[in-house]
Structures are given as C-alpha cells and as structure tokens.
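Chemist: here is a sequence with its predicted model. Questions after.
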Amino acid sequence: SSLMVGLGETRDEVVDAMSAMARNKVGALVVIERNDPLGDIVERGIQVDSLVTKELLMTIFHPDTPLHDGAVVIRSGRIAGASCILPLSGGLRHRPELGTRHRAAVGITEESDAIAIVVSEERGSISVSIGGRLTASLDEVRLRRVLRNALAR
C-alpha cells in the first residue's frame with residue numbers, strides 16, 4: 001500500500017532521531033523487528049501504529065512523557081509499540097557502566113534477530129546491539145552504515 005514507507009526512509013528517520021537525541025543526551029531505545037516476531041513485547045507495551053518520523057521518536061523519548069521509559073518497536077516500517085519492556089541480558093553484569101537500556105538492547109537481540117539501538121543519556125553516545133553483541137560509540141555515519149547492512153539481509 002502507499003502507506004508503506006521505504007526502508008531507506010525509515011532508517012534515515014531513526015538515524016536522524018537517535019543522532020539528535022544523542023546530542024541532547026536524551027536516553028532512547030529503538031528495536032527494529034526483523035524475522036522473529038516481537039508480538040508479545042509490543043502487546044505488553046503501548047500499542048502505536050504510526051509512520052516512523054524523527055519528530056515522533058523524539059516526542060516519545062522526551063523525558064517528560066509517560067512513554068519515555070521502555071523501548072519503541074518498529075515493525076514493517078511503522079512504529080508498532082512504545083514503552084515496551086524488554087528482557088534484560090544476564091551477561092552484562094561485569095559491565096556496570098551499562099545501564100538498563102543497554103542490558104535490554106542486548107537481551108532482546110540475544111532472544112531474537114532484532115536490531116536494537118540505544119542512546120545513553122549519561123554519555124550521549126549511540127550503541128547498536130545485534131545477535132547479543134553491543135557495538136558502542138557509533139557516530140551518525142557508522143550508525144547509518146550498520147543499519148543499512150543489517151537491514152539489507
């Protein structure tokens with residue numbers, strides 16, 4: 001349908017939003033569903049069905065909104081849920097500098113083939129988790145490349 005936005009547009013909106021939130025030190029956690037369905041996680045969050053835009057992502061994660069805790073889940077180029085609670089990885093206890101968002105990002109990618117992108121509100125840095133592995137301190141260019149490669153498959 002004409003409502004389906006291209007993957008490139010969705011990716012660009014996510015990259016632009018995460019980069020802006022990193023500059024402003026606004027914490028954020030965005031999960032992009034791939035093949036493994038994240039239906040349970042979306043259903044336990046706040047149901048959303050909206051185009052992915054930089055403005056909406058920034059609004060959701062604004063610290064004054066009730067939705068800013070938890071994750072946004074993107075499915076088929078749309079925001080499916082917000083304020084979603086993710087399983088926490090048990091494997092990062094030896095990394096005390098990593099907060100709940102980072103443990104949630106790794107947890108969901110240990111249990112599914114999703115991609116998780118985190119902005120740290122402490123450091124204003126961007127990390128990506130894929131396959132249970134966390135890649136930290138990505139700049140805008142590297143984030144775009146990682147997402148392009150991960151979403152191409």
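Modeler: That came in fine, so what should we check first?

Chemist: give me the residues contacting the longest helix seen in the chain.
Modeler: Longest helix of the chain, by residue count under DSSP state H: helix 7-24. Identification of contacts with helix 7-24 by C-beta atoms under 8 Å, 6 or more residues apart in numbering yields 27-28, 30, 32, 52-54, 57-58, 61, 74, 77, 117, 119-120, 124-126, 140, 143-144, 147-148, 151. Where C-beta positions appear, they are placed from N, C-alpha and C, glycine not excepted.

Chemist: show the average pLDDT along that helix.
Modeler: Averaging pLDDT along helix 7-24 yields 93.

Chemist: can you give me the buried ones in that helix?
Modeler: Using 16 or more other C-beta atoms under 10 Å as the burial criterion, the residues of helix 7-24 that qualify are Thr10, Arg11, Glu13, Val14, Val15, Asp16, Ala17, Met18, Ser19, Ala20, Met21, Ala22.

Chemist: hang on, the earlier thing: can you list which of the contacts of helix 7-24 are found in helices?
Modeler: Lys54, Leu57, Met58, Glu140, Leu143, Arg144, Leu147, Arg148, Leu151.
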